[in-house]
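*Asks:* heads up, no residue letters with this:
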């Protein structure tokens, strides 16, 4: 290996440095921080020759997602790829390197009233490369889509060390395959992502949040159906179960009385349009609601959506094992799946908090349960049962965060559809020696 690639002197790096790159108890033999694309290519060429397993590493906020790695020889740090090389506000396009933090990018764009309209967890520390690799998203996906919808160009180093570019900085329709979409959500298994071109959007001039406690789960299902068929255009639609509402109220008291199923809606537009939507929502849901609260204070709105977006506090329940299950289904299935997931409370004697991107059919489930082999076994079996129920509609359940005992007992992805064979063929074509992230993804 070229000496210029080595972050540390010959021999094992200091433990204090390596500890930042440990993934689920697996420490890399070496941490490297290349400074140029050529150095990344040279590293991957050497990795192919030596059979090393290489894991691209930004801030590490997404490394817990996926199956346990089979091997980890080199952690590839992106600390030197953290710039915004090109930015033309009038063109609504930005070029950003993989190791740049999303918060850094958003702060720069906000100076011109612009944004990349995504809000994944770990927004303050996550890097753009990690978000693209994991296709991570948050409440805003209901109206704004995901980061894949804004990616128009990508530069990467293929597993054999070849530098490749797809797309461009120009927002236009083209014929042929959209290779940007292939690399988004591939969990770093098809190439090392170096930089991206994104199209941008203006920040909304005015925002207001409405918190509505429904009379019950059936009323919540009816309210969601009415909303989705109405002319209203909220930016985000979140459904909380009673335990999740109780959790939110600890940080920001929103509702009074007994906690219940609650919808949280975010509206962003010119002020008159937002006001009309809030008033129309009250008429639309007449007879279904138990309590309604409008949050207009900017600081309170920011805090509320931070709580709904992030995972950290939800996964920090003391004295228990904590897991996050991410379920994808049709919006019409959300209420039924919420009811089913809440049965885990009784089956496992567990705390179950649900916050769903209801309009998108994504349910994030936080389960805090006792540390025992029987509890892990029961939870594993229920995950399999839910996956079987979702299969006819191509729904999925991913174990996104979990203790080692649960990860060891079940396939994290549980992906079992016909296109899995195609995914295997693509992986074999791009990375025949399984150099990048071996074992982590579906294939």
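*Replies:* Nice, I can see it. Source: prediction; values computed, not measured.

*Asks:* continuing past the helix or strand hosting residue 197, what's the next helix or strand?
*Replies:* Element membership for residue 197, per DSSP states H and E: strand 192-199. On the C-terminal side of strand 192-199, the closest following helix or strand by DSSP H and E is strand 201-202.

*Asks:* packing partners for that next one?
*Replies:* With contacts taken as 3 or more Cβ pairs under 8 Å, 6 or more residues apart in numbering; DSSP states H and E, strand 201-202 sits against strand 114-115. For every residue, glycine as well, the C-beta is placed using N, CA and C.

*Asks:* sheet partners, orientation included, of the strand it packs on?
*Replies:* strand 201-202 (antiparallel) (DSSP bridges).

*Asks:* ok, back up a step: can you list the strands that the strand holding residue 197 pairs with?
*Replies:* Strand 192-199 has the following sheet partners, assigned by DSSP bridges: strand 93-97 (antiparallel), strand 151-157 (antiparallel).

*Asks:* what residues of the longest one count as buried?
*Replies:* Going by neighbour count (16 or more other Cβ atoms under 10 Å), the buried part of strand 151-157 is 151, 152, 153, 154, 155, 156, 157.

*Asks:* try the first one
*Replies:* In terms of neighbour count (16+ other Cβ under 10 Å), strand 93-97 has its buried residues at 93, 94, 95, 96, 97.

*Asks:* contacts for that strand?
*Replies:* Under the contact criterion Cβ atoms under 8 Å, 6 or more residues apart in numbering, strand 93-97 has outside partners 78, 81-88, 105, 109, 116, 128-129, 152-153, 169-171, 194-200.

*Asks:* in PyMOL, select just the buried ones from these.
*Replies:* With 16+ other Cβ under 10 Å as the criterion, this PyMOL line picks the buried residues out of the contacts of strand 93-97:
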select buried, resi 78+81+82+84+87+105+109+116+128+129+152+153+194+195+196+197+198+199+200
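
*Asks:* closest to residue 24 out of the buried residues of strand 93-97?
*Replies:* Distance to residue 24 across the buried residues of strand 93-97 (Cβ to Cβ) is lowest for residue 97, with 26.6 Å.

*Asks:* any low-confidence regions in the stretch 1-150 of the chain?
*Replies:* Confidence mapping of the stretch 1-150 of the chain against pLDDT under 70 gives the ranges 1-16.

*Asks:* switch the cut-off to 90
*Replies:* Under the criterion pLDDT under 90, the flagged ranges of the stretch 1-150 of the chain are 1-19.

*Asks:* so which residues of it form helices?
*Replies:* For the stretch 1-150 of the chain, the helices defined by DSSP state H, counting those that start in this stretch cover 15-18, 37-50, 102-110, 128-134, 141-144.

*Asks:* right, so those helices: which one is the most enclosed?
*Replies:* Highest mean neighbour count of these: helix 128-134, a mean of 27 (counted as mean count of other Cβ atoms under 10 Å).

*Asks:* other residues contacting it?
*Replies:* Helix 128-134 is contacted by residues 56, 58-59, 61-62, 65, 78, 81, 96-102, 105, 118, 120, 136, 147-148, 151, 154, 183-188, 193, 196 when judged by Cβ under 8 Å, 6+ apart.

*Asks:* mind redoing it with 7 Å?
*Replies:* 58-59, 61-62, 65, 78, 96, 98-100, 102, 105, 120, 147, 151, 184-188, 193, 196 (Cβ atoms under 7 Å, 6 or more residues apart in numbering).

*Asks:* and the spatially closest residue to residue 246 that is not a sequence neighbour, how many residues sit next to it?
*Replies:* Distances taken as Cβ to Cβ, 6 or more residues apart in numbering put residue 259 closest to residue 246, at 4.5 Å, once the chain neighbours are dropped. Neighbour count of residue 259, defined by other Cβ atoms under 10 Å: 18.
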